[in-house]
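S.K.: Using only what follows, build the 3D model:
(one chain, ligands or ions: 1)
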Amino acid sequence: MPSLKGKVAIVTGAGRGIGREHALALAEAGARVVVNDLGGSLAGEGTDTTPAQSVVDEIAAAGGEAVANADDVSDFGAAEHLVAQALEEYGRLDILVNNAGILRDRMLVNMTEDEWDAVIAVHLKGHFGPTRHAAAHWRQLAKEGETLRARVINTSSPSGVFGNVGQANYGAAKAAIAGLTVIAAQELARYGVTVNCIAPNARTRMTEETFGDLPAPDGGFDPLDPANMAPLVVALSADEAQGITGQCFFVWGGVVNVLRPWEAGELLSAEERWDADALLAQLRERFPDGAEPEGMVAMMAKAGGQSMRVG
Ligand SMILES: NC(=O)c1ccc[n+]([C@@H]2O[C@H](COP(=O)([O-])OP(=O)(O)OC[C@H]3O[C@@H](n4cnc5c(N)ncnc54)[C@H](O)[C@@H]3O)[C@@H](O)[C@H]2O)c1
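M.R.: Model (predicted):
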């Protein structure tokens, strides 16, 4: 495991599931960790400081150093407080893992405004706030002449990058997080900050609710263990990963697929503005069987993984 000794990390939503594993692994690699978690329900209701504190206790019991934080990442001011706590407590910040999330699944035709707003707020604004405040701190250090090797690791989803039925709010937020990753990577490169994102897949309360509770195997490797996501976070946090930025990694079990983002595709080119009739004819000629999304389950299989939906 690369050594992260001397580094300080914030992991949002680290009281449970995938975030908890990120926090444990970063601490094991030597980083001091701010364990953020609001502690609410899967739908984002209520608060509870117990999950964050219990991860802090686990890290301390294993000989690491951590502190709890219960800020709501979707609140811009609270996100500023979260970054400030890392700086006050440990005097520096090197790694920000944006991971906190909630679910309010519904078919688009039935989705309420609240279901849309809450999910966009926790995921998309909950990535923007901490990143914005951490970036301002890092820019200041860079201006003062410090050479940085700072990291932002975001959390997208197969639902966002491939598109999943019933998750218009969640998938739109997750696709936007992949977009934010590419833009932030380009903007923050000049300060020595890399920005990448993960599209994870693991057994947590989030997937149990959506896809059913698939039991862990009796023995051997469990491809749905949320700890399978953590080695990528540790690897990207290492100084040696300084050149890798703006990437989105699909992770399932032992599979890490470096996804291709939206890229140039089928070109329909004319010397001047297209006539709609001619364009329609061209589209029908190029796509005689139509053109439509393949769907999340098929795309996950292509990426080397498996949806929990197909077991
Ligand atoms: N489990 C999967 O297969 C999977 C797949 C794709 C993406 N993801 C993403 O991975 C991330 C972690 O999900 P998980 O599966 O571990 O779910 P989880 O519910 O176990 O963990 C999410 C944590 O985020 C915390 N949280 C929610 N809102 C918060 C807020 N406003 N501020 C601070 N903390 C908040 C929750 O209290 C919870 O502990 C999420 O972003 C999720 O969308 C998970």
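S.K.: quick one, strands of this structure?
M.R.: Here the chain has its strands, by DSSP state E, at 8-11, 32-36, 66-69, 95-97, 150-155, 193-199, 248-252, 255-258.
S.K.: which stretch among these comes nearest the ligand?
M.R.: Nearest to the ligand among those is strand 150-155 (4.1 Å), distances taken as CB to the nearest ligand atom. C-betas here are computed from N, CA, C, even on glycine.
S.K.: tell me what whichever helix or strand comes after the closest one is packed against?
M.R.: The first helix or strand that comes after strand 150-155 along the chain, using DSSP states H and E, is helix 158. In this structure, helix 158 makes packing contacts with helix 296-302, judged by 3 or more CB pairs under 8 Å, 6 or more residues apart in numbering; DSSP states H and E.
S.K.: And the residue of this structure closest to the ligand?
M.R.: Counting by CB to the nearest ligand atom, the chain gets nearest the ligand through residue 17, at 2.2 Å.
S.K.: burial count for that residue?
M.R.: 22 (other CB atoms under 10 Å).
S.K.: And the one 4 residues further on, by the same measure?
M.R.: By the other CB under 10 Å criterion, the neighbourhood of residue 21 contains 25 residues.
S.K.: And it, what's its pLDDT?
M.R.: Note for residue 21: predicted pLDDT of 98.
S.K.: In this structure it contacts residue 227, no?
M.R.: Yes - Residue 21 is within contact range of residue 227, at 4.4 Å (criterion: CB atoms under 8 Å).
S.K.: near the ligand, which residues of the stretch 51-200 of the chain show up?
M.R.: 51, 72-74, 99-102, 122, 126, 155, 157, 200 (CB under 6 Å from any ligand atom).
S.K.: Can I get the buried part of those as one ChimeraX selection?
M.R.: Per 16 or more other CB atoms under 10 Å, the buried members of those correspond to this ChimeraX selection:
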select :51,72,73,74,99,100,101,102,122,126,155,157,200
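S.K.: May I see the residues of the stretch 51-200 of the chain next to the ligand arranged in TSV, with distance to residue 31 as well?
M.R.: Shown next, in TSV, are those (distance: CB to CB, whole Å):
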residue	distance to residue 31
51	20
72	23
73	19
74	25
99	15
100	18
101	22
102	26
122	25
126	21
155	18
157	25
200	20
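S.K.: quick one: which of the residues of the stretch 51-200 of the chain next to the ligand sit in helices?
M.R.: Here DSSP state H is the test, and these give 51, 126 as lying in helices.
S.K.: Among the residues of the stretch 51-200 of the chain next to the ligand, which one lies nearest to residue 143?
M.R.: residue 73 (26.2 Å; CB to CB).
S.K.: Name the residues that touch the lowest-mean-pLDDT helix or strand in the chain?
M.R.: Using mean pLDDT, DSSP states H and E, the weakest-scoring helix or strand in the chain turns out to be helix 205-211, at a mean of 79. If you take CB atoms under 8 Å, 6 or more residues apart in numbering as the criterion, helix 205-211 is touched by 16, 17, 42, 101, 103, 105, 201, 224, 307, 308, 309.
S.K.: before we move on, back to that, ok, the residue of the chain closest to the ligand touching residue 200?
M.R.: No - between residue 17 and residue 200 there is no contact under CB under 8 Å: 9.4 Å.
S.K.: Done for today, thanks.
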